[in-house]
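Undergrad: Predicted model and sequence below, questions to follow.
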Amino acid sequence: MDLAPLWLSARLALTATAVLIVLGTPLAWWLSQTRSKWQPVVQAIVAMPIVLPPTVLGFYLLLLLGPNGAIGSFWVSVTGDALTFSFTGLVIASCVYSLPFAIQPMQNAFEALPRKNLEAAWTLGASRLDTFFSVAAPLSLRGFISAMVLAFAHTLGEFGVVLMVGGNIPNKTRVISIAIYDHVEMLDYAAAHKLSLALIVFAFVALFSMFLLNRRWYSR
Amino acid sequence: MSTVALTHSIQKGEFFLDVDTEIPAAGITGIFGESGSGKTTLLRCIAGLEGPTGTEPVHKRRIGFVFQEPQLFAHLNVRKNIEYGMRRNPQAGNSLAEVARLLEVENLLDRSTKELSGGEAQRVSIARVLCQSPRLILMDEPLSALDERRRNEVLPYLDRLHSETSVPIIYVSHNIDEICRLSDHLLVLDGGKIVAEGELQNTLARIDVPQLGGRNAGAVINATQRRYDSEFDLTLFEFSGGEVWVPGRHESSAVRLRVSASNISITRVPAETSTILNILPAVIEATAMETTATALVQLRLGDELLVARITRRSLQQLQLGVGEQVYAQVKSVTVRR
């Protein structure tokens, strides 16, 4: 059985999750702490991928990442490669697509931090950044884990955006959901079954181990 | 004597805090006021948690802050909590061992913060502040979240803090008993402004400050223990204006006695056959109307001042005037420290 699409999906989901945690944390922190009048605007933009059909998202991403798009043309001028129909392009698209699923759990965790607990850290001599790493982040561990699980799972299951931005290139953009779709199109139900089952097992094992870790960490 | 300047003004909606004064750079300064008087806002301004931006950042001020709730970090055990401030203030002088002994938290060091009682947690939070070797310690009603029993459990440690550390402390409370017990200097705040300030005893005995009237009216006197009468279980204390008997056995030699205004009555002739044990000669220093029915009388006994609440009718009938010699009948006294 050709499991390459499964590994490609896993690699994509892991990369997108890592990028989302690194870049999403400051954004989630800002959203949770700011009193700026722009907060609701940014909040709404971040939540957009939840309500938009993946095709709409994929369509605009295709335009933006394409060789004539703002980001795509810049990428071509720097690297010489196109972003569309490439793994990197898929990672960018996945990050946009899964953004709210990473941001919201982190933001909720940050908002639940007692303000006075942070103030206590400041009065004890910790700078804002120090307070984030020594108090806020460890106390928000559950939020980080939820963000990782959701971002990973959501990216693993994406279809429409990938189809629009990535196409169907084996070992590059042919992720598992596309491969399954292909098999079904060609009426190769046996192959579709195998990949679908592999995805179900993989998704279960991945989620189960993360929830298990979450529980262990929490009860510690 | 060196002082700490407190100059803060801040507008918060309808509320305007405007404070400009100096307090002694030693001992405990009590800030007393009802809720909404601006006590907490003032403390937060001093710490830098509120007020104009662009001033020295909070974490560089080395001002310890003890909150109402202990605000321990749940992901760190007791020892790591205490070390948190210490690590971030390398110039720190207080050692963990010393501080742990002072607050008797040695046995709690390896516990998780979840395993602490409310009183223990507040002691740990005070230890944490001491270990950062602050220049000034601010305490924002540190006992108000505790029940009576836990409060009495923590109070002796605050007494100890008072006698064994040299860091000035500002102690905010709406509980006059805590203020009487702990502070040396007093600021009374109302509507964001200071309405009375000065050395504790003289300030408390003022009868012209409404915030110090009502159930807060009363005074504090310094006394020394003379002897214990085991037959009747009474302790005799002596002060510059005479002697007082207090129920129970009290060991400490130097004490603060709190006499509430409603526990003093005034007579012109000392009663020979009274159930009241303590009848002391006094001179009327001042009188003031309190309500339509009651008046407050400030009495001088030796070097000490007492406040008595009497009815306006009695004031008139006995024709009590300033400078007159009377007798204060002291019904009950509480030993504060």
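TA: Cool, got the structure.

Undergrad: what bits of the chain have low per-residue confidence?
TA: I'll assume chain A. Counting by pLDDT under 70, the low-confidence segments of chain A come to A:1, A:217-220.

Undergrad: Chain B, not that one
TA: Scanning chain B residue by residue, the ranges that satisfy pLDDT under 70 are B:1, B:92, B:337.

Undergrad: What parts of it come near chain A?
TA: Applying CB under 8 Å from any CB of the partner chain, one finds that chain B approaches chain A through B:47, B:49, B:57-65, B:67, B:69, B:71, B:73-75, B:84-85, B:88-89, B:125, B:128-129, B:132. Just so you know, the C-beta spots here come from the backbone N, C-alpha and C atoms, and that holds for glycine as well.

Undergrad: so of these, which ones are in strands?
TA: Within the residues of chain B next to chain A, residues falling in strands by DSSP state E are B:63-65.

Undergrad: mind listing the helices for chain B?
TA: B:39-47, B:78-87, B:96-102, B:118-131, B:148-164, B:176-182, B:200-204, B:312-317 (DSSP state H).

Undergrad: Tell me which residues of the last one come out buried.
TA: Looking back up the chat, that one is helix B:312-317. Neighbour counts over helix B:312-317 (16 or more other CB atoms under 10 Å in any protein chain shown) mark residue B:315 as buried.

Undergrad: Kindly report the same for stretch B:181-200.
TA: For stretch B:181-200, by 16+ other CB under 10 Å, it's B:181-190, B:192, B:194-197, B:200.

Undergrad: What parts of chain A come near chain B?
TA: Applying CB under 8 Å from any CB, we find that chain A lies next to chain B at A:114, A:116-117, A:119-127, A:130, A:134-135, A:138-139, A:141.

Undergrad: Mark which of those residues are buried, thanks.
TA: Taking 16+ other CB under 10 Å as the criterion, what is buried in those is A:116-117, A:119-126, A:134-135, A:139.

Undergrad: from those residues, which single one is nearest residue B:217?
TA: Comparing these against residue B:217 with CB to CB places residue A:116 closest, at 33.7 Å.

Undergrad: Could you check which residue of the stretch 151-300 of chain B lies nearest chain A?
TA: residue B:170 (13.2 Å; CB to the nearest CB).

Undergrad: Kindly state the beta-bridge partners for that residue.
TA: Judged by DSSP bridges, the bridge partners of residue B:170 are residue B:29, residue B:138.

Undergrad: Give the closest residue to residue B:76 in space, chain neighbours not counted.
TA: The shortest distance from residue B:76 to any residue that is not its chain neighbour, by CB to CB, 6 or more residues apart in numbering or on different chains, is 6.9 Å, and that residue is residue B:84.

Undergrad: for the one you found, what are its contacts?
TA: A:121, A:124, A:126, A:134, B:73, B:76, B:128 (CB atoms under 8 Å, 6 or more residues apart in numbering or on different chains).

Undergrad: Could you pull up phi and psi at the nearest residue to the fourth one once chain neighbours are set aside?
TA: Beyond its immediate neighbours in the sequence, the residue positioned closest to residue A:134 (CB to CB, 6+ apart) is residue A:126, lying 6.1 Å away. Here is the backbone geometry of residue A:126 (degrees, to the nearest 10): phi -90, psi 130.
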